[in-house]
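Q: Provide a 3D model corresponding to the input given below.
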Amino acid sequence: MIIIAALYHFTRFPDPAALRAPLAGLCAAQGVKGSLLLAQEGINGTIAGARHGIDAVLSHIRALPGCADLEWKESTAEGMPFGRMKVRLKREIVTMGVPDVDPKARVGHYVTAAEWNDLIRQPDVAVIDTRNDYEVAIGTFAGAVDPATRSFREFPQWWAENRDRFHNKRIAMFCTGGIRCEKSTNYLISQGVEDVFHLKGGILKYLEEVPQEDSLWQGECYVFDGRVSVGHGLIPGRNESCGACRRPVMPEGRDDPAYEKGVCCAACVTEYTLEDRARFRERQRQMELAAARGETHLGG
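A: This is a model prediction of the structure:
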């Protein structure tokens, strides 16, 4: 059984580049795969591996400056959901593009998964999904507002154009694991919105803790690993990832005439050149050959 750990932590890393090689080396030595982002504002990512390997990497991260109280969310998978390990340096661990946003200074009021339903049922509460459009498309909370943003960078502009819709409303925000809401709630506070709340631990914590019969979640939750999506109890969902654009594709989408496994889906059928598609087909062919040999192709 593979352990999957999703984590983020805002702290001050004066020299994140110095942390990269030791962290990457430890992951390699422990057989841990996934993706970790390092920036001056902290660390973010998802890793997968055997229990001992995950424990070793988490222990290493907790020993980094300011990370002693690191929190993470765990789930399991029968197979490794990543092809490789990537430790990257970034300007932000979740890119909003607003330089003055500082989640370490102040964020919205945390709401636990157990308390979330009561909050979002209140008539004076507007619920906003801060994720990208392709994530929202496969699942969200009943009644939530979809900003239809293609990236988190678009959220500040969307808010500027729509803030009047939420006059005299309390704002409840949510995302996959909580990290976007750390920034989006700080941003709204900086814009003069005082009653801002966010789901602690994100959708993943909600799906883990709230029984399906009591849930206000509809659909599946997109995750950034080989599982593509999860449902209640963090059980892997029905989605596959498009080999070209990486958007999730439901079973009915795979019956669409525009879908070609590893090459394109209905959402991206006009987004790539013939040369791109030829390259994607070759990659898919190599992946299938590798699978037939019992190997994992890193392009998958």
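Q: In the stretch 101-250 of the chain, mark out all the helices, start to finish.
A: Secondary structure of the stretch 101-250 of the chain (DSSP state H, counting those that start in this stretch): helices at 113-120, 133-136, 155-162, 179-190, 202-209.
Q: So which bits of the fourth one are buried?
A: For helix 179-190, the neighbour count (16 or more other C-beta atoms under 10 Å) marks 179, 180, 181, 182, 183, 184, 185, 186, 187, 188, 189 as buried. Every residue, glycine included, has its C-beta placed from N, CA and C.
Q: The second one now?
A: Along helix 133-136, these residues count as buried under the neighbour rule (16+ other C-beta under 10 Å): 133, 135, 136.
Q: In CSV: the residues you listed, plus distance to residue 295 and pLDDT.
A: Output for these, formatted as CSV (distance: C-beta to C-beta, whole Å; pLDDT from 0 to 100):
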residue, distance to residue 295, pLDDT
133, 35, 95
135, 31, 96
136, 35, 97
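Q: quick check, nearest of those residues to residue 235?
A: residue 135 (17.9 Å; C-beta to C-beta).
Q: Test my guess that that closest one contacts residue 224.
A: No: using C-beta atoms under 8 Å, residue 135 makes no contact with residue 224, being 9.5 Å away.
Q: end-to-end on stretch 265-273?
A: End-to-end distance of stretch 265-273: 14 Å, with C-alpha to C-alpha, to the nearest Å as the criterion.
Q: no, scratch that, I was asking about stretch 82-102
A: First-to-last distance for stretch 82-102 - C-alpha to C-alpha - comes to 31 Å.
Q: Could you number the chain from 26 rather than 1 from now on?
A: Sounds good: first residue 26 from here, last item stretch 107-127.
Q: for it, the distance to its chain's centre please.
A: Distance, stretch centre to chain centre, for stretch 107-127: 12 Å (C-alpha atoms, centre = their mean, to the nearest Å).
Q: Now that stretch: buried residues?
A: Buried residues in stretch 107-127, counted by 16+ other C-beta under 10 Å: 107, 110, 112, 117, 118, 119, 121, 123, 126, 127.
Q: so who does the fourth one touch?
A: Contacts were defined as C-beta atoms under 8 Å, 6 or more residues apart in numbering; by that measure residue 117 touches 64, 66.
Q: From residue 320, how far out is it?
A: Distance, residue 117 to residue 320, by C-beta to C-beta, to the nearest Å: 35 Å.
Q: what mean pLDDT would you report for stretch 121-133?
A: Across stretch 121-133, pLDDT averages out at 93.
Q: End to end on that stretch, go ahead and measure it.
A: First residue to last in stretch 121-133 (C-alpha to C-alpha) measures 17 Å.
Q: Distance from the chain centre to that stretch, please.
A: For stretch 121-133, the distance to the chain centre is 18 Å (C-alpha atoms, centre = their mean).
Q: which intervals of the stretch 176-325 of the chain have sub-threshold pLDDT?
A: Applying pLDDT under 70 to the stretch 176-325 of the chain flags the ranges 322-325.
Q: can you pull out the strands in it?
A: Per DSSP state E, counting those that start in this stretch, the stretch 176-325 of the chain carries strands over the ranges 195-199, 221-224, 242-244, 246-247, 254-255, 265-266, 273-274.
Q: Could you dump those strands into JSON lines and include mean neighbour count?
A: Below are these laid out as JSON lines (neighbours: other C-beta atoms under 10 Å):
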{"stretch": "strand 195-199", "mean neighbour count": "23"}
{"stretch": "strand 221-224", "mean neighbour count": "24"}
{"stretch": "strand 242-244", "mean neighbour count": "16"}
{"stretch": "strand 246-247", "mean neighbour count": "24"}
{"stretch": "strand 254-255", "mean neighbour count": "23"}
{"stretch": "strand 265-266", "mean neighbour count": "19"}
{"stretch": "strand 273-274", "mean neighbour count": "24"}
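Q: Out of these, the one nearest residue 81 is which?
A: strand 254-255 (25.0 Å).
Q: what packs against that closest one?
A: Judged by 3 or more C-beta pairs under 8 Å, 6 or more residues apart in numbering; DSSP states H and E, strand 254-255 is in contact with strand 246-247.
Q: circling back to that earlier point, inside strands: which ones of the buried residues of stretch 107-127?
A: 110, 112 (DSSP state E).
Q: in the longest helix seen in the chain, what counts as buried?
A: Counting residues, the longest helix found in the chain (DSSP state H) is helix 299-317. Buried residues in helix 299-317, counted by 16+ other C-beta under 10 Å: 302, 305, 306, 308, 309, 312.
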